[in-house]
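Visitor: one predicted model, sequence on top.
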Amino acid sequence: MNLCVVGVGYVGLVAATCLAESGNDVVAVDSDAGKIERLQAGEIPIFEPGLLELVGRNLREGRLRFSTGLAEAVPSAEVIFIAVGTPPDPNGAADLSAVFAVADEIGRRLSGYKLVVLKSTVPVGTAEKVETIIRESAGEGAPEFEVASNPEFMKEGAAIDDFMRPDRVVVGVASDRAAAILRELYAPFVRTEKPILVMDRRSAEMTKYVSNAMLAAKISFINEMANLCEHLDADINAVRRGIGFDSRIGFQFLFPGIGYGGSCFPKDVDALIRLGTEHNYQARILAAVQAVNADQKRALVDKVRGHFQNRLQGKTLALWGLAFKPQTDDMREAPAQEILRELLALGARFRVHDPVAMAEAKKLFGESLTYCDNPYQALEGASALLIATEWNEFRRPNFSRIKELLLEPVIFDGRNLYEPEVMARWGFTYYSIGRKPVNEP
Ligand SMILES: NC(=O)c1ccc[n+]([C@@H]2O[C@H](COP(=O)([O-])OP(=O)(O)OC[C@H]3O[C@@H](n4cnc5c(N)ncnc54)[C@H](O)[C@@H]3O)[C@@H](O)[C@H]2O)c1
């Protein structure tokens, strides 16, 4: 099939590449000329495991092309995916200006039947609005077109695998014709009998928000339980195991930590709250999920302040992990940002390391941090180690080296990577989430 994907960010680039990999001819369009130039040269503007090779192969084999203009892509495309950003506006609602601008342009370039597919995460009712915009800009006598919703559930860091082998594909349509096109397009990705769930467009749009809200709620729930454990002198890890073996509960997404971040959960939960208020409904659980998360991002800050009795002026600290989660360089809404801002403001200095997010951190923090090429370098002359991202390479470090390099053997672990008994044996003062501190002074 001839396809066009508009918006070549995380979602658009992965979708365009995987759709090309399954044999389609794909033109990927973005308004950012610099980004398109880099992509045309085979450079990838984001860190996503496996993506570089896949983009390279599909470029070489001519199934994937990059362009800055819809003019060349729309006429030949049978299906046009809209995957532009939908960032929060100042009120927390989704800013749909990019989606609407693309819809308007598609309308002006319609020629023959097109299926326009909304892949961006958009509020319930957006497919209908996009349909109206396209109809109005196409004018009288315009060719037939349809708008479908096809929310994306990929995870950054595992995006290719998620797209190639999704748990399910959700498709919201207004006709059998649109459903048939999307079934054909996704057939190569669901050969292991994973379902393509066809529903109305509003329900498909809602499914994406509910999915992210549920995952965010699980995180805030276990974090709240961890905080209670700290007050009640119980161990959240024992509790987590105690509940997880109940098949109604399970283990996934129930790891205590320093809160969720990234470009999706915070903005999507906000947008869903906002959709409720627009319809005079107060989503109380969602508001609590966000409030717990906002506090949780400060959990390590409070422990650091307590340990050093607020005397942080001129103190050097090491931070491992900058990205909002492992396997990505994305620092949007990352807990590390909050930790750095608050403790820098109290006069602390930071030596930081992240396997891939250092360039992102430089954009945000410039010269105010010392960037270290490896985790151990970050420890030199530091009074404590803080851990904000659960990268695999931080799970089994050389503790004797850590102890040697730190000025004081103190670790603040925001991701519960280590066992308290092991830390006690090594003689560390060890703070984690929802568990008793070890060797607290
Ligand atoms: N990142 C994720 O993990 C993820 C997962 C599922 C869904 N989503 C949703 O997918 C959408 C895209 O997210 P993303 O993370 O890929 O965003 P992104 O910010 O990485 O990319 C968006 C791209 O759209 C381009 N763009 C903006 N306006 C444009 C226009 N008028 N014409 C052409 N290109 C334009 C930007 O230049 C940018 O390259 C959002 O709605 C997001 O909520 C994201």
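Guide: Received the coordinates, thanks.

Visitor: and the one residue in the stretch 1-150 of the chain that gets nearest to the ligand, what is it in contact with?
Guide: Nearest to the ligand in the stretch 1-150 of the chain, going by Cβ to the nearest ligand atom, is Gly9, at a distance of 1.7 Å. In short, each C-beta sits where N, CA and C put it, glycine included. With Cβ atoms under 8 Å, 6 or more residues apart in numbering as the criterion, the residues that contact Gly9 are Asp30, Ile46, Ala83, Val84, Gly85.

Visitor: determine which two of the residues you listed are furthest apart.
Guide: Ile46 and Val84 (15.2 Å; Cβ to Cβ).

Visitor: up against the ligand, what does the stretch 101-250 of the chain have?
Guide: Taking Cβ under 6 Å from any ligand atom as the measure of proximity, the stretch 101-250 of the chain contacts the ligand at Ala101, Val102, Ser120, Thr121, Glu152, Met154, Glu156.

Visitor: tell me the SS of the third one?
Guide: The assignment at Ser120 comes out as coil when based on DSSP: H, G, I helix; E, B strand; the rest coil.

Visitor: name the nearest residue to it, sequence neighbours excluded.
Guide: With Cβ to Cβ, 6 or more residues apart in numbering as the measure, Thr86 is the residue that lies nearest to Ser120, at 4.9 Å, once sequence neighbours are left out.

Visitor: so the one you found touches Val102, yeah?
Guide: No: Thr86 is beyond contact range of Val102, at 11.4 Å (criterion: Cβ atoms under 8 Å).

Visitor: buried residues, stretch 273-293. List them.
Guide: Neighbour-count burial for stretch 273-293 flags Ile273, Arg274, Leu275, Ala283, Leu286, Val289, Gln290, Val292, Asn293 (criterion: 16 or more other Cβ atoms under 10 Å).

Visitor: from those residues, which two are the most distant?
Guide: Most distant of these, by Cβ to Cβ, are Leu275 and Val292, 20.4 Å apart.

Visitor: helix, strand or coil: sort out the residue nearest the centre of the chain for me.
Guide: Relative to the mean C-alpha position of the chain, the nearest C-alpha, by Cα atoms, centre = their mean, is the one of Gly262, at 4.2 Å. When states are read from three-state DSSP, the local structure at Gly262 comes out as coil.

Visitor: where do the strands sit along the stretch 51-200 of the chain?
Guide: Assigned by DSSP state E, counting those that start in this stretch, the stretch 51-200 of the chain shows strands spanning 64-67, 79-82, 114-118, 145-149, 169-172, 196-199.

Visitor: mind putting those in TSV, mean neighbour count and mean pLDDT included?
Guide: Putting those into TSV (neighbours: other Cβ atoms under 10 Å; pLDDT from 0 to 100) gives the following:
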stretch	mean neighbour count	mean pLDDT
strand 64-67	21	97
strand 79-82	26	98
strand 114-118	26	98
strand 145-149	24	98
strand 169-172	23	98
strand 196-199	16	98
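
Visitor: mind putting those into JSON lines with distance to Pro266?
Guide: Shown next, in JSON lines, are the strands of the stretch 51-200 of the chain (distance: least, Cβ to Cβ, whole Å):
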{"stretch": "strand 64-67", "distance to Pro266": "30"}
{"stretch": "strand 79-82", "distance to Pro266": "22"}
{"stretch": "strand 114-118", "distance to Pro266": "21"}
{"stretch": "strand 145-149", "distance to Pro266": "22"}
{"stretch": "strand 169-172", "distance to Pro266": "22"}
{"stretch": "strand 196-199", "distance to Pro266": "26"}
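
Visitor: flag every buried residue along stretch 98-116.
Guide: With the criterion 16+ other Cβ under 10 Å, stretch 98-116 contains buried residues 98-100, 102-103, 105-107, 109-110, 114-116.

Visitor: mind checking which of the residues you listed are in helices?
Guide: With helices taken from DSSP state H, the overlap with those comprises Ala98, Val99, Phe100, Val102, Ala103, Glu105, Ile106, Gly107.

Visitor: what comes up buried for the lowest-mean-pLDDT helix or strand in the chain?
Guide: Evaluated with mean pLDDT, DSSP states H and E, the helix-and-strand set of the chain has its lowest mean pLDDT in helix 70-73, which scores a mean of 91. Along helix 70-73, these residues count as buried under the neighbour rule (16+ other Cβ under 10 Å): Leu70, Ala73.

Visitor: list the buried residues for stretch 227-242?
Guide: Within stretch 227-242, the residues that qualify as buried are Asn227, Cys229, Glu230, Ala234, Asp235, Ile236, Asn237, Val239, Arg240, counting by 16+ other Cβ under 10 Å.

Visitor: and the residue of the stretch 301-441 of the chain that's closest to the ligand?
Guide: For the stretch 301-441 of the chain, the residue closest to the ligand is Asp330, as judged by Cβ to the nearest ligand atom, at 7.4 Å.

Visitor: who touches that residue in this structure?
Guide: By Cβ under 8 Å, 6+ apart, the residues touching Asp330 are Tyr10, Ile46, Glu156, Gly262, Ser263, Ala323, Phe324, Ala357, Glu360.

Visitor: Glu224 contacts Ala291, correct?
Guide: No: with contact defined as Cβ under 8 Å, Glu224 and Ala291 do not form a contacting pair (10.0 Å).

Visitor: quick check, pLDDT for Ala142.
Guide: In the prediction, the pLDDT value recorded for Ala142 is 87.

Visitor: and it, how many neighbours does it have?
Guide: Close neighbours of Ala142, defined as other Cβ atoms under 10 Å, add up to 15.

Visitor: relative to Asp354, how far out is it?
Guide: 50 Å (Cβ to Cβ, to the nearest Å).

Visitor: ok, now Gly434?
Guide: The span separating Gly434 from Asp354 equals 24 Å under the rule Cβ to Cβ.

Visitor: again with Met1
Guide: Separation of Met1 from Asp354 (Cβ to Cβ) stands at 39 Å.

Visitor: next one: Thr370
Guide: Where Asp354 is concerned, Thr370 sits at a distance of 13 Å (Cβ to Cβ).

Visitor: where do the contact lists of the two overlap?
Guide: Once Cβ under 8 Å, 6+ apart is applied, it turns out that Thr370 and Asp354 contact no residue in common.

Visitor: okay, the closest residue to Ser22 other than its chain neighbours: pLDDT?
Guide: Among residues not flanking Ser22 along the chain, Pro188 sits closest, at 4.3 Å (Cβ to Cβ, 6+ apart). According to the predicted model, the pLDDT of Pro188 comes to 97.
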